[in-house]
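Asks: coordinates for the following, if possible.
(one chain, ligands or ions: 1)
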Amino acid sequence: MSCRRPEVPDRNAHGLMQPRIPIATPKAARNGARVKANAVAPEGVYLPNNNVFTPAMRSPGYVQMSTAAAITLGIMKGMMHRCECTRCLNLLLTYPEGCRANCAYCGLARHREAERDYADRNFIRVDWPAVPLAQAIDIVARDGAKSPFHRMCISMITHPKSDADTVTVLRAWTDRIDPKTIPVSILSNPTTMEREDVERLHGLGADIFTVALDAATPELFDRTRGKGVQSPHSWKKYWDILMDAREVFGPRKFGAHIIVGMGETEHDVLSLVQRLVDLGGHSHLFCFFPEKGSLMDHLPATPRDQWRRVQLARYLIDYRGVRVEHMKFDGEGRVADYGLASAELEEIIDAGTAFRTSGCPGKFADDVSACDRPYGDSPPSDIASFPFAPNRGDIRKIRKQLRIVEERQRGPGTDTDVVEQRG
Ligand code: SF4
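Replies: Predicted coordinates for the structure are as follows:
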């Protein structure tokens, strides 16, 4: 099926997506100095609050979790738009010093220490309550087979204690919870890791190992996570650990996160998706969203048509055996043809799975992620990754965003017709 497009900007181009330069942090705020000086002892669950002294919480005793996970676990009250729960319990390591990296799109980045203590920072659009690890494990162990969680994910950050504490958290979990019942993923931090760390986590029962490449090209990686923002990460080190994970964890048990819309072309990101599939792994996509307080919060979210094209094409490569070489791209690297017969493509669009959140699988189906991250990459009013099966109204909207609705409803027309229809 061909996808005709109007002559309007419909992508986050490379020149536009330049992060701000981080400013230096005053010494009195560096390395969690405020939290350490106040030395407030934590008492149970801490709900992020920038108006009180942040308690000095530290992994492995404490971990943070997304608002969605905290609601699902029952330690926080709240409702989620059109979602009953999340299926992934993400446990984020936490320290007063926070993450020592400075990734430009990330709410946890080091440059924020002047403004906000680590445990109070927003991350993928939400607050992350801090919870005693033992309490989180107690609740999941108590719920047993009735637990709503299909997977647990330990999310590492860049900190000297992150490797050792990941091992401790994994051990504490598997001591009480059979990893066959609720498998464990590791969202790794390659900068501080060696191959032995990967082997140790596998030996202790971790099921899937992922690397957050986030940027789709080496140049964008350096601009958003490396020297461009005074951050310690390198593309090569990330790939070294990804290759170690491929050997240690094996096919279908490793993957990479990629953020779409940080200045790469659609061809760039889909070539990376293909490379991961050819290696035997998976890609987990996020739609770029300007996280408040990050070095990219002045930049636009990924236009929905760019995002939808990449989402659909990635699904075809990951689950339907289509190869990037079967697809056609225009002069700007945008998908112009998905390389699949029209009827088949229609069916896949209507099924809606391609537009759901991507991530490590849960218990429903191989192509349905446990990690549904409700509204982690968009507001509920303009959903990028659907944390549930899109309904018919959602599919109609998705078709409009893909700009292929008109062809189906009206038959072949002209580009001008498409522009006029968009309204
Ligand atoms: S390493 Fe991860 S947590 Fe730390 S700033 Fe980068 S993206 Fe954020």
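
Asks: and the helix or strand harbouring Ala245 with the ligand, contact?
Replies: Here Ala245, judged by DSSP states H and E, is contained in helix 235-249. No: using C-beta under 6 Å from any ligand atom, helix 235-249 never reaches the ligand; the gap is at least 10.5 Å. For glycine as for every other residue, the C-beta is placed from the backbone atoms N, C-alpha and C.

Asks: contacting residues around that helix?
Replies: Helix 235-249 has contacts (C-beta atoms under 8 Å, 6 or more residues apart in numbering) with 188, 190-191, 193, 195, 198-199, 202, 206, 208-211, 213, 215, 218, 221-222, 226, 253-254, 256, 279-281.

Asks: so for it, what gets flagged as buried?
Replies: 235, 237-242, 244-246, 248-249 (16 or more other C-beta atoms under 10 Å).

Asks: what is the nearest of those residues to the ligand?
Replies: Of all the buried residues of helix 235-249, the ligand sits closest to Tyr238, with 10.5 Å by C-beta to the nearest ligand atom.

Asks: next, the distance between the ends of stretch 357-375.
Replies: This stretch, stretch 357-375, spans 10 Å end to end (C-alpha to C-alpha, to the nearest Å).

Asks: how much space between the residue nearest the centre of the chain and Thr357?
Replies: Centroid check for the chain by C-alpha atoms, centre = their mean gives Phe286 as the closest residue, at 5.1 Å. Distance of Phe286 to Thr357, computed by C-beta to C-beta, to the nearest Å: 9 Å.

Asks: what does Lys180 give?
Replies: 24 Å.

Asks: the two: who's more crowded?
Replies: Ranked by neighbour count (other C-beta atoms under 10 Å), Lys180 and Thr357 place Thr357 first, with 28 against 8.

Asks: how about the closest residue to that one other than its chain neighbours, what does it touch?
Replies: Closest residue to Thr357 apart from its sequence neighbours, by C-beta to C-beta, 6 or more residues apart in numbering: Ser385 at 4.0 Å. By C-beta under 8 Å, 6+ apart, the contact set of Ser385 is 285-287, 311, 355-358, 373, 376-378.

Asks: looking at those residues, which are in strands?
Replies: Under the assignment DSSP state E, the contacts of Ser385 contribute 285-287 to strands.

Asks: which among the residues you listed gets closest to the ligand?
Replies: Phe286 (10.8 Å).

Asks: what does the pLDDT read for that closest one?
Replies: What the model reports as pLDDT for Phe286 is 96.

Asks: up against the ligand, what does the stretch 151-300 of the chain have?
Replies: 157-158.

Asks: could you rerun that using 8 Å?
Replies: Within reach of the ligand by C-beta under 8 Å from any ligand atom, the stretch 151-300 of the chain has these residues: 155, 157-158, 189, 191, 212, 214, 225, 231, 233.

Asks: which two among these are spaced furthest apart?
Replies: Largest separation among these by C-beta to C-beta: Ser155 and Ser231, giving 17.3 Å.

Asks: coming back round to it: okay, and the common contacts of Phe286 and Thr357?
Replies: With C-beta under 8 Å, 6+ apart as the test, Phe286 and Thr357 both reach 376, 385.

Asks: number of nearby residues for the closest residue to Thr265 other than its chain neighbours?
Replies: Among residues not flanking Thr265 along the chain, Gly333 sits closest, at 2.8 Å (C-beta to C-beta, 6+ apart). For Gly333, the neighbour count with other C-beta under 10 Å is 16.

Asks: likewise Gly226?
Replies: Gly226: 23 neighbours (other C-beta under 10 Å).

Asks: the residue nearest to it when sequence neighbours are not counted in helix, strand or coil?
Replies: Of all residues not flanking Gly226 in the chain, His233 sits nearest, at 5.4 Å (C-beta to C-beta, 6+ apart). Under DSSP: H, G, I helix; E, B strand; the rest coil, the three-state class of His233 is coil.
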